[in-house]
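A.B. asks: Sequence below, structure please.
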Amino acid sequence: MQAEAMTAPQGPEPTTVPSGAEARLQRNLKLVVIGLAVLLFAGLATIVGRVIYLASGASTQPAAPSLAIRPEQSIGIPAGAQVRSVSLSGDRLAVHFEAAGTEGIAVLDLQTGQTITTVGLKRTPAN
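C.D. replies: Numbers count the residues shown, from 1 in each chain. All right, here's what the predicted structure looks like:
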């Protein structure tokens, strides 16, 4: 038992020298890892550069058209007519009205202030 305690602990086992094929394989693997790392960082730099380029550029959206709407406008509907609904689409205003048992829709151009058309509606009995 004393002999076992007296022996000094041994260090790591000696490494074996790789053969020529193993050395070539290790060198090739190192080159592949280095090449992939370079590609990874180049791709990341490209993405970051593209984001910065797009964020710093001028807006590519066209400016919204400004509507030159006249402050006061009038639309011609029959006297005593009641407005049922109003609908706005772009620079056109449609007014659905009812007067003396008849219905109609008047369309107004908000830029020029002119009545474009008046459409009369006729109710037919259900079949």
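A.B. asks: Tell me, how many residues neighbour the residue nearest to residue 83 when sequence neighbours are not counted?
C.D. replies: Distances taken as C-beta to C-beta, 6 or more residues apart in numbering place residue 97 nearest to residue 83, at 5.3 Å, with adjacent residues excluded. Any C-beta I mention is one placed from the backbone N, CA and C, and that applies to glycine too. Neighbourhood size, residue 97 [other C-beta atoms under 10 Å]: 20.
A.B. asks: What of residue 78?
C.D. replies: When neighbours are counted by other C-beta under 10 Å, residue 78 comes out with 13.
A.B. asks: Return the residues in contact with it.
C.D. replies: Under the criterion of C-beta atoms under 8 Å, 6 or more residues apart in numbering, the neighbours of residue 78 are 97, 99-100, 102, 104.
A.B. asks: how about 7 Å then?
C.D. replies: For residue 78, the contact set (C-beta atoms under 7 Å, 6 or more residues apart in numbering) comprises residue 99.
A.B. asks: Kindly list the main-chain dihedrals of it?
C.D. replies: Dihedral pair for residue 78: phi -60, psi 150, per degrees, to the nearest 10.
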